[in-house]
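Student: Can you look at this prediction? I've put the sequence above it.
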Number of protein chains: 2
Amino acid sequence: MQLYNPVELLLKKRDGNPLDSSEIAFFVNGYLCGEIAEYQMSALLMACYFQGLEAAEIAALTKTYIQSGKTIDFEPNLPVADKHSTGGVGDKISLMLAPIAASLGLYVPMISGRGLGHTGGTLDKLESIPGFITSFSMEEFKAMVLKYGFALVGQSAQLVPADKRIYALRDVTATVESPGLITASIMSKKIAEGARHLVIDLKIGSGAFMPNLRRAKELAEHLIYTGNSFGQHVSVVFSNMNSPLGHAVGNALEMIEAIEYLKGNYLPDTYELTTALTAQMLISAGIATDFTAAKELIDKSISSGEALEKFRQIIIAQGGNPGVIEDYSIFAKSEAVLPIIAEKGGYVHQIDSRSIGYALVRIKAGRMQVSDTIDYGAGALLYPKIGDKIQVGQKIGEVHAATLRQADEVANLILKSYHIAEFPKDKEPLIFEISTS
Amino acid sequence: MQLYNPVELLLKKRDGNPLDSSEIAFFVNGYLCGEIAEYQMSALLMACYFQGLEAAEIAALTKTYIQSGKTIDFEPNLPVADKHSTGGVGDKISLMLAPIAASLGLYVPMISGRGLGHTGGTLDKLESIPGFITSFSMEEFKAMVLKYGFALVGQSAQLVPADKRIYALRDVTATVESPGLITASIMSKKIAEGARHLVIDLKIGSGAFMPNLRRAKELAEHLIYTGNSFGQHVSVVFSNMNSPLGHAVGNALEMIEAIEYLKGNYLPDTYELTTALTAQMLISAGIATDFTAAKELIDKSISSGEALEKFRQIIIAQGGNPGVIEDYSIFAKSEAVLPIIAEKGGYVHQIDSRSIGYALVRIKAGRMQVSDTIDYGAGALLYPKIGDKIQVGQKIGEVHAATLRQADEVANLILKSYHIAEFPKDKEPLIFEISTS
């Protein structure tokens, strides 16, 4: 490996000159082995935040991340596909998408994360199923994907360890929100896990990290280019995260909503988004020729019960109690269930979804810090979407919490997150557009 | 003290919002006591590099720096004055300016630094005098200033320790070149040492850190505003650093040039700059009404021998051998002295003074790292300035080194630093302009 002076590389990046692949590898690997100080890595991350990263730099960073650990290699012709969401409120799409995709012949090696801040995490939702395990070796994970067509696990310490360490440093140095660094972080994991067809649910709005479509498109371009440069086909679905997805927000409540979905009882927004995302994976892998064909396959996988059966298989394979599918009382339940009653009539003009997410962290439906514990039963059901008309005194949802006092506090915070006005408001599109490579 | 979340302060600064004084104090003091991590401080420094610091932030940072240690307080009516140079090649001005100023009634508590990279340091030049000590307690330093009118020492660990630690971090994280951070670093020391009248020699050109007048003026504005906000009168002399100052570059050689100066044998450029800087101090303190009056006082202090006598006193007070004033053979001498012979005739169009500085580091006239040792005898004499006409075969200087081989190598590097062309070149002004508050 070539040797560089870390300060010279810092000066180079700081002054707006791109680093080449061997310079990036030197800095990241030097950091991982302790030869480059943490304060130098954080200075580089801040310089990257301000100067941005060029496509070649992002690809080089992604490659260095991948090479820091082990990878999963599937047979060349296997249709291995995955979805990644940039995070939202009430986003339980993975729980339906993965078994549907698996039932239609795709192999989905889904590595998910935990909830943090206002956003939930798929791993927490899965762990609301008693006994469900999300920690497996990479070999066990691969074997489950090959046997069942999918598996739903957490990131192994052997997969992309560089990203794990650098992400932790970004989190405490205000360097998370860099499109280039975000791209390398997402794509390194999705390439290392062996996915060849990737769909990204890039969320925009009050409950998302991306404030507007312009910024989202910049990130999408990086994601598509980086995936392509590793031979991966990438689609990006730009979706609206101004209203929480579905009705349920909270781990067991979302799990129940997902199971209902797989039984055919779905809500319009979760149906539209799940179908759009799964269709992109099917089209990319050549299993469906177009959206209409894909939608037909997806609908059949639910009406035939095959998707639900896949889900039952993976619950059993991952140590969970499959009884939850028929008996929701097996899930943790909150002592206090309080209706949320509208204090004002009119049309919903805006929903501060981020505030709803943070309100629910107070009753442990989510967490502020990685070390916080989760109350799986806690959460809320929220019915109105932007544009809906509501009446004074109407029940617009309910809060599930450990005590009535806590439920009341959160119900009030949630009420404040709904901006109601007398004049009508148009409903908003759920999917803004789709980019594909 | 108010408590903040360091990551929120990082986000605030990163996004271009100024930090208030209590936020700055929290971050710097938290860093000093180990509660804020080094990687967070370096991320903040890089964010400051990109977003800049507003006048109020610089004043707050300067105050926090000062309060991190002890200060020297002189009696209210004492004319305490000092000079600071931003660093150059052959810059021995302090060695003449301080004794001249002291002989004219000013009190000069001069805290200097060591050479690093292409620039020399006053402490190294002083230590070329056998026995000369530059490390004193703050009490001893103050006592010497009161007794002799000046003293020439290094920064005590008790004076502005925050700057010492943060400067070391900036040095290894590519965050030195920030006007706001530079200002707080310079001004905190000059305020903590008790100087009420400050003149800054802000050097611009090939041997300086500032590439052009526009950037220098931005820094000057910060320096003046910050000094003023602590009740200090600040003048900035914008000077030309395209040609090395005087003839000598190297520690003992510069010391000899300085002693010759105090004996009345001065070179035109060192005379012009020393007089301009000293005059600003005398005018600011009310000892002279204008430049003409100041120049008269300065000239008299040299012709009467009073400035030289002051210098003799301080050599004795600081433990040095005053015999050097009459007998230069007491200084360390280099074994090899090699003339530099012009290989091309014409006019000097450009001198790469920075390269000359770096060339001389090779023979230990300076240092690349703080831990490098100095050869006090090593250095060079360099006669031509920009605009001068030289002939082929003319001796344009000489190199003093430990071996002839080394001297020859450096002589060749120095020759390459002179850009000679046949057509004439105008001489350059030494002082561009003077700003005063």
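Tutor: That came through fine. Numbering: from 1, shown residues only, chains lettered A, B, ... in the order given.
Student: what's stretch A:260-276 in contact with?
Tutor: A:92-93, A:95-97, A:99-100, A:201, A:237, A:239, A:243, A:245-247, A:257, A:291, A:294-295, A:298, A:302-303, A:307-308, A:311, A:385, A:430-431, A:434 (C-beta atoms under 8 Å, 6 or more residues apart in numbering or on different chains). Every residue, glycine included, has its C-beta placed from N, CA and C.
Student: Quick one, which of the residues you listed are buried?
Tutor: Neighbour counting by 16 or more other C-beta atoms under 10 Å in any protein chain shown classes A:92-93, A:95-97, A:99-100, A:201, A:237, A:239, A:243, A:245-247, A:257, A:291, A:294-295, A:298, A:302, A:307-308, A:311, A:385, A:430, A:434 among the contacts of stretch A:260-276 as buried.
Student: so A:Leu245 sits right up against A:Leu95, yeah?
Tutor: No - look at A:Leu245 against A:Leu95 with C-beta atoms under 8 Å: they stay out of range, at 11.5 Å.
Student: Could you list every helix and strand in contact with the host helix or strand of A:Ala380?
Tutor: Assigned by DSSP states H and E, A:Ala380 belongs to strand A:379-382. Contacts defined by 3 or more C-beta pairs under 8 Å, 6 or more residues apart in numbering or on different chains; DSSP states H and E place strand A:379-382 against strand A:248-249, helix A:251-262, helix A:353-361, strand A:395-401, helix A:404-417.
Student: for the ones you listed, which one sits closest to B:Leu338?
Tutor: helix A:353-361 (72.0 Å; C-beta to C-beta).
Student: Mind checking if the closest one is in reach of chain B?
Tutor: No - counting by C-beta under 8 Å from any C-beta of the partner chain, chain B has no neighbours in helix A:353-361; the shortest distance is 14.7 Å.
Student: residues in contact with A:Ala37?
Tutor: So A:Ala37 contacts A:Pro6, B:Glu38, B:Val172 (C-beta under 8 Å, 6+ apart).
Student: Next, it: phi, psi?
Tutor: Main-chain dihedrals, A:Ala37, degrees, to the nearest 10: phi -70, psi 150.
Student: Tell me who's in contact with the residue most central in space within chain A.
Tutor: Note on chain A: the residue nearest the mean C-alpha position is A:Ser85, at 3.4 Å, using C-alpha atoms, centre = their mean. By C-beta under 8 Å, 6+ apart, the contact list for A:Ser85 reads A:Asp91, A:Ile93, A:Ser94, A:Ile200, A:Asp201, A:Lys203.
Student: For the second one, which non-adjacent residue is closest in space?
Tutor: Closest residue in space to A:Ile93, ignoring its immediate chain neighbours: A:Thr274 at 5.3 Å, by C-beta to C-beta, 6 or more residues apart in numbering or on different chains.
Student: So which bits of the stretch 51-200 of chain A are right by chain B?
Tutor: For the stretch 51-200 of chain A, the contact set with chain B under C-beta under 8 Å from any C-beta comprises A:Leu169, A:Asp171, A:Val172, A:Thr173, A:Ala174, A:Thr175.
Student: Buried ones from these, can you make that a ChimeraX selection?
Tutor: Selection of buried members from those for ChimeraX, criterion 16+ other C-beta under 10 Å:
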select /A:169,172,173,174,175
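Student: among the residues of the stretch 51-200 of chain A next to chain B, which are in helices?
Tutor: In this view, these that belong to helices under DSSP state H are A:Leu169, A:Asp171.
Student: Most widely separated two among the residues of the stretch 51-200 of chain A next to chain B?
Tutor: Going by C-beta to C-beta, the pair spanning those furthest: A:Leu169 and A:Ala174, at 10.8 Å.
Student: Am I right that A:Glu193 is in contact with A:Leu159?
Tutor: Yes - applying C-beta under 8 Å, one finds A:Glu193 in contact with A:Leu159, separated by 6.9 Å.
Student: which residues are common contacts for these two?
Tutor: Common contacts of A:Glu193 and A:Leu159 (C-beta under 8 Å, 6+ apart): A:Thr71, A:Ile72, A:Ile111.
Student: Low-confidence ranges, the stretch 151-300 of chain A, go.
Tutor: For the stretch 151-300 of chain A, no stretch has pLDDT under 70.
Student: just the helices in it please.
Tutor: A:161-171, A:179-192, A:213-229, A:251-262, A:268-284, A:291-303 (DSSP state H, counting those that start in this stretch).
Student: Would you tell me which of these gets closest to B:Ala60?
Tutor: Closest approach to B:Ala60 among those (C-beta to C-beta): helix A:161-171, 27.2 Å.
Student: List the buried residues of the closest one.
Tutor: Buried residues in helix A:161-171, counting neighbours by 16+ other C-beta under 10 Å, are found at A:Pro161, A:Ala162, A:Asp163, A:Lys164, A:Arg165, A:Ile166, A:Tyr167, A:Leu169, A:Arg170.
Student: Show residues contacting that helix.
Tutor: Helix A:161-171 is contacted from outside by A:28, A:31-32, A:38, A:41-42, A:45, A:64-65, A:68-69, A:155, A:157, A:175-176, A:181, A:184-185, A:188-189, B:7, B:39, using C-beta under 8 Å, 6+ apart.
Student: Drop anything exposed from those.
Tutor: Among the contacts of helix A:161-171, the ones that count as buried by 16+ other C-beta under 10 Å are A:28, A:31-32, A:38, A:41-42, A:45, A:64-65, A:68-69, A:155, A:175-176, A:181, A:184-185, A:188-189, B:39.
Student: Give me the subset of these that lies in strands.
Tutor: Using DSSP state E, no member of the buried ones among the contacts of helix A:161-171 falls in strands.
Student: The closest residue to chain B within the stretch 201-350 of chain A: neighbour count?
Tutor: Chain B sits closest to A:Pro211 of the stretch 201-350 of chain A, with a gap of 12.6 Å, by C-beta to the nearest C-beta. By the criterion of other C-beta atoms under 10 Å in any protein chain shown, A:Pro211 has 11 neighbours.
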